[in-house]
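Q: Sequence and predicted model, in that order:
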Amino acid sequence: MSARACLTAALDAARDWHSALPAVSVFCPWPDDLKWADHSPTPGPAIALVQSNPGACIGAARPLLAALQAIAEDVEWRHSYTEDEVGRHFLDTFGWFELAGPTGHFITHQTRITVGYWGPGLNYPRHQHAPEELYTVVSGEAQFMADGEADCTLHTGDTRFHASNQPHAMITHASPVLTLVFWRGDGLADPPRMTT
Ligand code: ZN
């Protein structure tokens, strides 16, 4: 299959996931302005890790995980953070890409859909951003923390909402975590910033 065909299959799997999780369908409608954008793939350490160690995955997440593993070599991996902010080990075991959004493999201005992978034993420091986001866990597990809320550990199919500029953080322990994240609101193309 061509990269475009694989990415389209992954987008279809993300759409199925969007309709399977009530919290996600409520958070944002599926975009109706999606257009293919021809981004070149960029290498990243997450390619091999997503394929070899995605973490535990059950139920409706399995086809989505398979579709994301299939496109790992075809996507534009990004890091957003510097070594000063998060450390070398973090950058060597983390990566994210924009499946759909203002700068994604599929362009839409209605939402943003990103995929993020964190290897085991990572501390994602407190950060914030203007758009609201809804994390969904595809595989693995992570401990989520947000100002004003109790910590919780999320697994396949669990979701977590972060309000506009609500500082939040995440820790992975023995397991990695693979997430599909939906965004809405102003500033969809802006990078997150560390909370000071
Ligand atoms: Zn966030």
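A: The structure has been received and is ready for your questions. Worth saying up front: this structure is predicted, and the values here are computed from it rather than measured. Numbers count the residues shown, from 1 in each chain.
Q: just the strands in the protein please.
A: Per DSSP state E, the chain carries strands over the ranges 35-36, 94-101, 106-107, 112-118, 123-128, 132-140, 142-146, 152-154, 159-162, 168-171, 177-184, 193-194.
Q: how about TSV for those, with distance to residue 85, mean pLDDT and mean neighbour count added?
A: C-beta: built from backbone N, CA, C; applies to glycine. Formatted as TSV, the strands of the chain follow (distance: least, C-beta to C-beta, whole Å; pLDDT from 0 to 100; neighbours: other C-beta atoms under 10 Å):
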stretch	distance to residue 85	mean pLDDT	mean neighbour count
strand 35-36	33	98	10
strand 94-101	12	96	24
strand 106-107	28	98	19
strand 112-118	15	97	24
strand 123-128	7	94	17
strand 132-140	19	98	23
strand 142-146	17	98	20
strand 152-154	23	98	15
strand 159-162	19	97	19
strand 168-171	13	97	20
strand 177-184	19	98	24
strand 193-194	6	87	14
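Q: middle-most residue in this structure, spatially?
A: Geometric centre of the chain, nearest residue: residue 115, 2.7 Å, by C-alpha atoms, centre = their mean.
Q: contacting residues around that residue?
A: 68, 75, 96-97, 99, 178-181 (C-beta atoms under 8 Å, 6 or more residues apart in numbering).
Q: Looking at those, which one is closest to residue 90?
A: residue 96 (12.2 Å; C-beta to C-beta).
Q: from what I can see the closest one touches residue 116, true?
A: Yes. Between residue 96 and residue 116 a contact is recorded at 4.0 Å, counting by C-beta atoms under 8 Å.
Q: of the contacts of residue 115, closest to residue 89?
A: residue 96 (16.5 Å).
Q: how much space is there between that closest one and residue 125?
A: 15 Å (C-beta to C-beta, to the nearest Å).
Q: Keeping just the C-alphas, turn stretch 111-131 into CSV.
A: C-alpha atoms of stretch 111-131 as CSV (Å, rounded to 0.1, in the frame of the first residue of the first chain):
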residue,chain,number,x,y,z
THR,A,111,-10.0,20.1,15.1
ARG,A,112,-6.6,18.6,15.6
ILE,A,113,-5.9,14.9,16.0
THR,A,114,-2.4,14.0,17.2
VAL,A,115,-0.7,10.7,18.1
GLY,A,116,1.8,10.6,20.9
TYR,A,117,4.1,7.9,22.2
TRP,A,118,6.0,7.9,25.5
GLY,A,119,8.4,5.0,26.4
PRO,A,120,8.5,3.5,29.9
GLY,A,121,9.9,5.5,32.8
LEU,A,122,9.3,9.1,31.4
ASN,A,123,8.3,12.2,33.3
TYR,A,124,6.5,14.6,31.0
PRO,A,125,6.7,17.8,33.0
ARG,A,126,3.8,20.3,33.7
HIS,A,127,2.9,22.1,30.6
GLN,A,128,-0.2,23.9,29.2
HIS,A,129,-1.7,25.2,26.0
ALA,A,130,-4.7,27.3,24.9
PRO,A,131,-6.7,24.7,23.1
